[in-house]
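A.B. asks: mind folding the following:
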Amino acid sequence: MPNILFPQVLKELVIESLGNDISQSNGFGRIVNERHWQRIMRLLDTTTGKVVPLCPTGPSSDKSSKYIAPVLILSPSLDDTLMKEEIFGPILPILTYDCDTNPITEAQVACKVVNRVFDSPLHSYIFGFDNNVIASITDYHQSGGLSVNETLISYGHTELPFGGVRRSGYGVQRGKFGFEDLSYKRSIYRRFVHPFNLEIVPHMYPPYDRWNSTIGLLSSFLKHFRKVRKNCWKWLPVFVAAILAYIGFKGSPKK
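C.D. replies: From the prediction side, this is the model:
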């Protein structure tokens, strides 16, 4: 969508949902406390981007009710404080980039712009309907979670893990995912004595020169095992003969 149209379309959607004076709407929330209200107002006052209000009438802010009207910030500097910390308020920064006729290339360029801001966010959101573009963004951009054409459902989904990656955190929570992440996984291996003193991997133990004549056959067998494993029952006589031969070798008197 051309840059000049996006603010106008978004403004119309906000008015349709919340009315002309958003401060009077019971569907629009308030900032959690006065300290955060002052923090968000400071972000608005110090940004180098163009502030575009989405509320045509009514106050832009009100300290007593901790209200801040929704706004767009067009083309803010990447050095803005706004772009370096979590906002938790009705502010939406918009970064633009040069479009390309190839949507896949355009998606990759967009990912590079986003990665300059934060290369591993807690959650990312894609809005679009081109499956190739969605797949391209998914491949080129890393985040703890990803939602397509939705913002809230994924967080409330009990069958999906929620957590960050790299700078946005490690580990996940919810259901079996959180249980496994917070559980201590301990590996225990026990070697048992096999009948006839049979070794599972006899090539591990010296003297090694006794296997010179068989190591080539073993390597060849392992190389082609993947091709024949579906019909491995046909090789059962070979396995049995090999085991018997090995037992005979172990039981033969040493010179």
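A.B. asks: can you list the residue ranges for helices in the stretch 1-150 of the chain?
C.D. replies: Counting by DSSP state H, counting those that start in this stretch, the stretch 1-150 of the chain has these helices, from start to end: 6-18, 34-46, 103-117, 131-140.
A.B. asks: what packs against the shortest one?
C.D. replies: Okay, so that is helix 131-140. Packed against helix 131-140 by the contact rule (3 or more Cβ pairs under 8 Å, 6 or more residues apart in numbering; DSSP states H and E) you find helix 103-117, strand 123-126. Backbone N, C-alpha and C define where each C-beta goes, glycine included.
A.B. asks: adding distance to Val52 and mean neighbour count, write the helices of the stretch 1-150 of the chain out as a markdown table.
C.D. replies: What follows is these, written out as a markdown table (distance: least, Cβ to Cβ, whole Å; neighbours: other Cβ atoms under 10 Å):
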| stretch | distance to Val52 | mean neighbour count |
| --- | --- | --- |
| helix 6-18 | 5 | 14 |
| helix 34-46 | 12 | 14 |
| helix 103-117 | 19 | 16 |
| helix 131-140 | 25 | 15 |
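A.B. asks: how about the helices and strands packed on helix 131-140 in CSV, adding mean pLDDT and distance to Arg167?
C.D. replies: As requested, the helices and strands packed on helix 131-140 are arranged in CSV below (pLDDT from 0 to 100; distance: least, Cβ to Cβ, whole Å):
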stretch, mean pLDDT, distance to Arg167
helix 103-117, 81, 12
strand 123-126, 88, 13
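A.B. asks: can I see the domain layout of the chain?
C.D. replies: When the chain is parsed with automatic domain parsing, its domains come out as 6-181, 195-251.
A.B. asks: would Val193 count as being in a helix?
C.D. replies: No. Val193: not assigned to a helix; according to DSSP: H, G, I helix; E, B strand; the rest coil it is coil.
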